[in-house]
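A.B. asks: Compute the structure for the input listed below.
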Amino acid sequence: MSDHPVVTPYGDQETGKKGQVTKMFDRIAPYYDLLNRVLSVGIDTLWRKKAISLLAVQKPGVILDIATGTADLAIEAARTLRPQKITGLDISPNMLRIGEEKIRKKGLGDIISLEVGDSENLRFETGSFDAVTAAFGVRNFENLLKGLTEMNRVLKPGGSVVVLEFSKPRVFPVKQLFNIYFKNILPVIGRLKSKDKNAYTYLYESVQAFPDYENFSDILVKAGFKNPEYKVLSFGICCIYLAKK
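C.D. replies: Next up is the predicted model:
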């Protein structure tokens with residue numbers, strides 16, 4: 001997306017964004033779930049529940065969860081929607097290992113399978129899935145439009161995409177508090193726990209650079225989706241985007 005700045009975790013000119021994001025998530029994988037709960041005060045769990053609930057009417061049988069990470073969204077979808085099959089895809093093997101252990105403990109191995117893969121070059125046939133989901137992942141795409149176009153391609157006609165992503169609050173004082181927390185406090189906590197000084201600085205910078213609200217809805221249309229809408233959560237800290245193929 002040439003009209004939006006490319007933000008990378010390590011600023012390495014030799015390695016593209018995709019390689020740097022893989023390295024970052026492989027490094028912070030052991031601390032990722034704990035930090036998510038602590039840094040969002042547990043509210044990220046509610047955001048996921050809300051996102052998945054939007055698919056309840058459709059009752060999707062086959063779901064693709066893009067940038068699945070440690071599989072939290074896939075697990076929520078399996079529990080709530082009772083689909084036949086969920087495939088979770090991520091570029092970080094270390095995140096997937098943790099996800100696989102969670103799936104095993106919850107006895108969901110017959111429904112959810114995880115695999116290493118590139119969201120911008122999906123191996124699946126066109127029209128393979130009833131729904132495609134992504135939580136806090138599309139912000140990390142190297143080429144946002146390409147990734148979303150691929151998500152559209154693998155959807156069946158009439159299928160839904162649900163994207164959960166951070167956004168920039170617009171209202172006082174949430175906007176100011178969010179910026180202080182994300183820019184100054186969160187990176188310090190993240191650095192102390194995960195030992196990666198760049199990861200949570202990147203989180204703030206990538207949220208700032210991300211085209212949110214109407215801008216993201218416009219990109220969904222460019223990627224081939226219809227009727228995009230978004231729901232603002234927690235005063236604009238996060239948005240759920242919903243669209244159809």
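A.B. asks: per-residue confidence for Asp12?
C.D. replies: In this prediction, Asp12 carries a pLDDT score of 67.
A.B. asks: Check Asn36 too.
C.D. replies: 79.
A.B. asks: do Pro9 as well
C.D. replies: Predicted confidence (pLDDT) at Pro9: the value is 65.
A.B. asks: How about Pro5?
C.D. replies: The predicted structure scores Pro5 at 62 on the pLDDT scale.
A.B. asks: Show me the contact partners of stretch 164-182.
C.D. replies: 47-48, 51, 73, 133-139, 203-204, 207-208, 210, 212-213, 216, 232, 235-241 (CB atoms under 8 Å, 6 or more residues apart in numbering). Yep, even glycine has a C-beta here, placed from its N, CA and C like the rest.
A.B. asks: What's the end-to-end length of it?
C.D. replies: End-to-end span of stretch 164-182 (CA to CA, to the nearest Å): 18 Å.
A.B. asks: quick one: average pLDDT of it?
C.D. replies: Model confidence over stretch 164-182, given as mean pLDDT, is 92.
A.B. asks: name the element Asp212 belongs to?
C.D. replies: Remark: Asp212 resides in no helix or strand, with elements defined by DSSP states H and E.
A.B. asks: just to revisit the earlier point, can I get the buried part of the contacts of stretch 164-182 as one PyMOL selection?
C.D. replies: Typed into PyMOL, the next command selects the buried ones out of those (criterion: 16 or more other CB atoms under 10 Å):
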select buried, resi 47+48+51+73+133+134+135+136+137+138+139+203+204+207+210+212+216+232+236+237+238+239+240+241
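A.B. asks: Take the contacts of stretch 164-182 and keep only those in strands.
C.D. replies: Taking DSSP state E, the ones among the contacts of stretch 164-182 that sit in strands are 133-135, 232, 238-241.
A.B. asks: And those, which two are furthest apart?
C.D. replies: When the ones in strands among the contacts of stretch 164-182 are compared pair by pair using CB to CB, the farthest-apart members prove to be Thr133 and Val232, with a separation of 18.6 Å.
A.B. asks: what about this protein, any weak spots by pLDDT?
C.D. replies: 1-5, 9, 12-14 (pLDDT under 70).
A.B. asks: switch to 80 and redo it
C.D. replies: 1-6, 9-15, 35-36, 38-41, 190-191, 193-195, 197 (pLDDT under 80).
A.B. asks: In it, where's the longest helix?
C.D. replies: helix 17-39 (DSSP state H).
A.B. asks: now for that helix, which elements pack on it?
C.D. replies: With contacts defined as 3 or more CB pairs under 8 Å, 6 or more residues apart in numbering; DSSP states H and E, helix 17-39 has these neighbours: helix 43-53, helix 93-105, helix 186-194, helix 199-209.
A.B. asks: which one of the ones you listed is the most hemmed in?
C.D. replies: With neighbours taken as mean count of other CB atoms under 10 Å, the helices and strands packed on helix 17-39 reach their highest mean count in helix 199-209, at a mean of 20.
A.B. asks: quick one, that helix and helix 17-39 angle?
C.D. replies: With axes from the mean of the first three to the mean of the last three CA atoms, to 10 degrees applied, the angle from helix 199-209 to helix 17-39 works out at 100 degrees.
A.B. asks: what's helix 199-209 in contact with?
C.D. replies: Contacting residues not belonging to helix 199-209 are listed as 4-9, 24, 27-28, 35, 39, 139-140, 166-168, 182-183, 186-187, 189-191, 194 [CB under 8 Å, 6+ apart].
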